[in-house]
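Student: Would you be able to build a 3D model of this:
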Amino acid sequence: MKILDWYILKRYLMTFAVMLLLFIPIGITVHLAEKIGKILENNVPLVEVLQYLLDFTIYFAHLLFPLFLFLSVIWFTSKLANNTEIVAFLSSGVSFTRFLRPYLIGATIVAILSIVLGLYLAPNASKGFNDFKYKYLSGRKASNNTNVLKQINDNDIIYVTSFNAKNKTGTNFTLEHFEKGKMTYKISASNIRFQEKDSVFRLMNYLKRKVGQNNDLLEIERRKDTTFSFDLEDLTPEDYIAETLKYNELVNFIEREEKRGSKFIGRYKLAMYQKWSLPVSVFILTIIAVSVSSIKRRGGMGVNLAFGICIAMIFVFFDKIFGTLASQSNFSPLLAVWFPNIIFGILALILLRNAKR
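Tutor: Numbers count the residues shown, from 1 in each chain. So this is what the prediction gives:
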């Protein structure tokens, strides 16, 4: 690499790092100031609070990774333009495409970091962040836990009136087993609870009805410990469970939930596709930022930053709107995730073409 490449790449990465170091503590301070009352009210141990802040840092940084990068590129490229450094580069015979190369190298480094975060680090951080939030801060349950009806496998259907994810307890439990389209037996209980110590399910007021050709056979017990081919906690997963799974786990989880007919499958696929769309948005926003801020303007850096903030807000708006559509309706999760990148990708090409002129 030439001196020009090292110079721009160093500024690219250093400005991005500084942007993270500036905004993340601000985000932590604002968030902690908002939640400190509930933290003190619940007497949360200091160790859990510190772990929560660490998880929040990783979660917050990964969520806003492309936007931090976008603003940092606009910032330092505008400074280059105002100091007429870009004019000097281009006047020396360097094409705009060649000038863009160190930016793309930097974007590649940041995109790889984003992939590592999304596939491995962010899931654990998301779990810790959300668990703490629902346990101490939100005051509501994290699971979709009423009138649960799911097909567990090809033969079994399960139903519980209500489910407590924390205690792994369900009420009014029913399991129906079918073979060749006909129900062969049905199990019901007023209460079902998973006993972690023995890895069994404890059913209270147990009743099993075996369906016969002439007469049904009843099996009744006040309490029965038994095993099933499912984990009760898997039946009503937390709203945020897709965010907490590593990529391979998430793929397997989605396949299993599709077979069960989960109504939240769009939400789960949205989380899976976002793991790959965020790194792509790094490149798109980098090209937009360079194209916009490489020209020296009368209003100086402020004009470029104002334009960049508007672009960032529109990007977030599109991302949230289509994400909500995918999770709350039949709108395609794949299209919802990639639509902002497609729109801003076209914008990036238009701006890049104008910048070359």
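
Student: residue at max distance from the center of this structure?
Tutor: Asn214 (53.5 Å; CA atoms, centre = their mean).

Student: mind listing what that residue touches?
Tutor: Contact partners of Asn214, counting by CB atoms under 8 Å, 6 or more residues apart in numbering, are absent. No exception for glycine: its C-beta is placed from N, CA and C like everyone else's.

Student: secondary structure class for it?
Tutor: Here Asn214 is recorded as coil under DSSP: H, G, I helix; E, B strand; the rest coil.

Student: what does the one 5 residues further on give?
Tutor: Local secondary structure at Glu219 is given as strand here, using three-state DSSP.

Student: ok, how many other residues are close to it?
Tutor: Per other CB atoms under 10 Å, the neighbour tally for Glu219 reads 12.

Student: one step back: give me phi/psi at the residue farthest from the centre of the chain?
Tutor: Main-chain torsions, Asn214, degrees, to the nearest 10: phi -110, psi -50.

Student: Need the pLDDT of it.
Tutor: As predicted, Asn214 sits at a pLDDT of 73.

Student: residues contacting Ala111?
Tutor: 279-280, 282-283.

Student: Quick check: Leu69 vs Leu245, distance?
Tutor: 25 Å (CB to CB, to the nearest Å).

Student: Then Gly118?
Tutor: 11 Å.

Student: likewise Ala33?
Tutor: 31 Å.

Student: Compare these two and say which one has the larger neighbour count.
Tutor: Applying other CB under 10 Å to Ala33 and Leu245 shows that Leu245 carries more neighbours, namely 21 against 9.

Student: OK, contacts around that one?
Tutor: 123, 253.

Student: switch to 10 Å and redo it
Tutor: Contacts of Leu245 were listed using CB atoms under 10 Å, 6 or more residues apart in numbering, and they are 123-124, 126-127, 237, 251-254, 268, 271-272.

Student: can I get those in a markdown table with distance to Phe76?
Tutor: Below are those laid out as a markdown table (distance: CB to CB, whole Å):
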| residue | distance to Phe76 |
| --- | --- |
| Pro123 | 32 |
| Asn124 | 32 |
| Ser126 | 31 |
| Lys127 | 35 |
| Pro237 | 43 |
| Val251 | 38 |
| Asn252 | 42 |
| Phe253 | 41 |
| Ile254 | 40 |
| Tyr268 | 38 |
| Ala271 | 32 |
| Met272 | 34 |
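
Student: Among the residues you listed, give me the pair with the biggest separation.
Tutor: Asn124 and Ile254 (19.0 Å; CB to CB).

Student: Help me confirm that Tyr185 is found in a strand?
Tutor: Yes: checked against three-state DSSP, Tyr185 lies within a strand.

Student: Lowest mean pLDDT among the helices and strands of the chain, which one is it?
Tutor: helix 232-235 (a mean of 60; mean pLDDT, DSSP states H and E).

Student: After that one, which helix or strand is next? Please name it.
Tutor: Downstream of helix 232-235, the next assigned helix or strand under DSSP states H and E is helix 247-260.

Student: Quick one: mean pLDDT over that following helix.
Tutor: 81.

Student: got the buried residues for that helix?
Tutor: 250, 253-254, 257, 260 (16 or more other CB atoms under 10 Å).

Student: Quick check: the residue farthest from the centre of the chain vs Leu207, distance?
Tutor: Taking CB to CB, one finds Asn214 at 20 Å from Leu207.

Student: And for Ile26?
Tutor: From Ile26 to Leu207 the distance is 58 Å (CB to CB).

Student: Give me the more crowded residue out of these two.
Tutor: Applying other CB under 10 Å to Ile26 and Leu207 shows that Leu207 carries more neighbours, namely 16 against 9.
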